[in-house]
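Novice: Sequence first, predicted coordinates after that:
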Amino acid sequence: MHLSVVGSGYVGTTIAACFADLGHDVVNVDIDEEIVDAINAGEAPIHEDGLPELLEKHAGSNSTNRLRATTDYAELLNTDATFLCLPTPQNDDGSIDLSIMETGAAQLGATLADKDDWHTVVVKSTVIPGSTEDKITPILERESNKIAGEDFGIGMNPEFLREGTAVHDFLDPDKVVLGADDDRALADMHEVFDPLIDQTDAPVVETDTRTAEMIKYANNSFLAAKVSLINDIGNICKELGVDAYEVADAIGLDDRIGAQFLRSGLGWGGSCFPKDTAAIRAAARQHEYEPLMLDAATEVNDEQPTRLLSFMDDHVDVRGKRVTVLGLAFKPGTDDVRNSRAIPVIEGLQQRGAKVVAYDPIAAENMREHFPNIQYAESPAAALDSASAALIVTDWEEITLLDKEFDAMATPVVVDGRRAIDRRDGIVYEGLTW
Ligand code: UGA
């Protein structure tokens, strides 16, 4: 099939490359020329495991040439379906900001005005239930002068890709959700996904666009709440002198609970859980429903960095002293620092008058935009040298393996936010929730 993907962010670039790998011909449209050039050279514009190999295989010279990138919307006209993968940031009150999606839909609609044949538009971005039907579809109709369901199809296909393992998650999905408001759109989405469904036996959920949109929010809300619940339990364990990880291992054996997402610690960050829980809570409030569980999940999450810092305060006064932050990415395997727990941790250290020295294997450059004035070390050993405390924020494997490096600290106080390192004699060691 000939497919187009609008947007070359974490999701757009990944699905464009994966669609090409499934055998489709794909054009990826983005306004950023640098990103477009990188893709056309077969190079990954973001850090994502497995993506460089797929881009080398399908874009640039000596490739299958099944993937191309462009800044020109007119190239969509040569494709059968378009996936909209544009950002959905949040407004100050946490509610979703659809303006980028709306601008993209208007441009797509105006382009489709020149197409005589049927075309299916699929919303891939995470949007509040009803957005596709009530906001995006009317814009497409207005700008194209066509009628949805008659001249073009509308679908919604939420993604469940985790940053860092997105390529693997795409190619081996737990489920494929196909939301469509007309039969032809559903058939087109099947044509896109059937090669994947056949090769993986993934269960398929066919539904309307509104339900597909809610499935995505429910999925992320549930997982975010699960982490906050294990953090709440972990905090109680800590107070009662119980090892939270031993408890989590045991309850994870219950099929109804499941072993995943039971790692207690600093809590969730990233671009998805914080934004999506905020958006669905704001949408609930607009309908005069108080989402008590999701409010509590957010509150627990906001408290964890404060708790980490207070454990440090119990052992050392850091005013004027060097303090090391180990890990800046919101989780291992990515250079993404959006909503990373490192941000409130560094802010807390600055409020205490500490001299912050940070280390991350790949995310330091991105964090420099938030904190241009802290020190960034080239290695954990350099970061720990003469430090009065070390705070573990991201459980990168490299950080879990640290050992002798702690010997260079001025006072060996380590507060571990992720249960990353093993206890050692001679170190004052605090786990956040255990
Ligand atoms: C999340 C979902 O897992 C994906 O299914 C979804 O597609 C994606 O959001 C999205 O909406 O685009 P992601 O944000 O990449 O993926 O990261 P996760 O692996 O889910 O981790 C989220 C946060 O929870 C991280 O900060 C992680 O450190 C934290 N976490 C996760 C824990 O603190 N404990 C756990 O046991 C698991």
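Specialist: Good, I have the coordinates.

Novice: what about Ser144, distance to His119?
Specialist: 9 Å (C-beta to C-beta, to the nearest Å). The way it works is simple: take the backbone N, C-alpha and C, and place the C-beta from them, glycine included.

Novice: which residues do the two both contact?
Specialist: Residues within reach of Ser144 and of His119 at once, by C-beta atoms under 8 Å, 6 or more residues apart in numbering, are 112, 152.

Novice: With adjacent residues omitted, what lies nearest to Asn91?
Specialist: Spatial nearest neighbour of Asn91, excluding adjacent residues (C-beta to C-beta, 6 or more residues apart in numbering): Asp97 at 5.0 Å.

Novice: Run a quick neighbour tally on that neighbour.
Specialist: Asp97 has 15 neighbouring residues, counting by other C-beta atoms under 10 Å.

Novice: The one 5 residues further on too?
Specialist: The burial count assigned to Glu102 is 15, neighbours taken as other C-beta under 10 Å.

Novice: Look up phi and psi at Gly179.
Specialist: phi -100, psi 130 (degrees, to the nearest 10).

Novice: gap between the closest residue in space to it that isn't next to it in sequence and Val123?
Specialist: Spatial nearest neighbour of Gly179, excluding adjacent residues (C-beta to C-beta, 6+ apart): Ala212 at 2.5 Å. Separation of Ala212 from Val123 (C-beta to C-beta): 9 Å.

Novice: Between those two, which has more neighbouring residues?
Specialist: Neighbour count, other C-beta under 10 Å: between Ala212 and Val123, Val123 has more, with 29 against 25.

Novice: Is the worst-scoring helix or strand of the chain on mean pLDDT in proximity to the ligand?
Specialist: Lowest mean confidence among the helices and strands of the chain (mean pLDDT, DSSP states H and E): strand 428-431, at a mean of 94. No - applying C-beta under 6 Å from any ligand atom, one finds strand 428-431 out of contact with the ligand, separated by at least 13.7 Å.

Novice: do stretch 252-269 as well
Specialist: Yes - interface with the ligand: stretch 252-269 contributes 261-263, 265, 267-269 (C-beta under 6 Å from any ligand atom).

Novice: what does stretch 389-407 give?
Specialist: No - between stretch 389-407 and the ligand, judged by C-beta under 6 Å from any ligand atom, nothing touches; the nearest distance is 7.6 Å.

Novice: end to end, how far does that stretch reach?
Specialist: 12 Å (C-alpha to C-alpha, to the nearest Å).

Novice: swap in stretch 69-88?
Specialist: So stretch 69-88: terminal residues 21 Å apart, C-alpha to C-alpha.

Novice: what's the answer for stretch 16-35, then?
Specialist: So stretch 16-35: terminal residues 13 Å apart, C-alpha to C-alpha.
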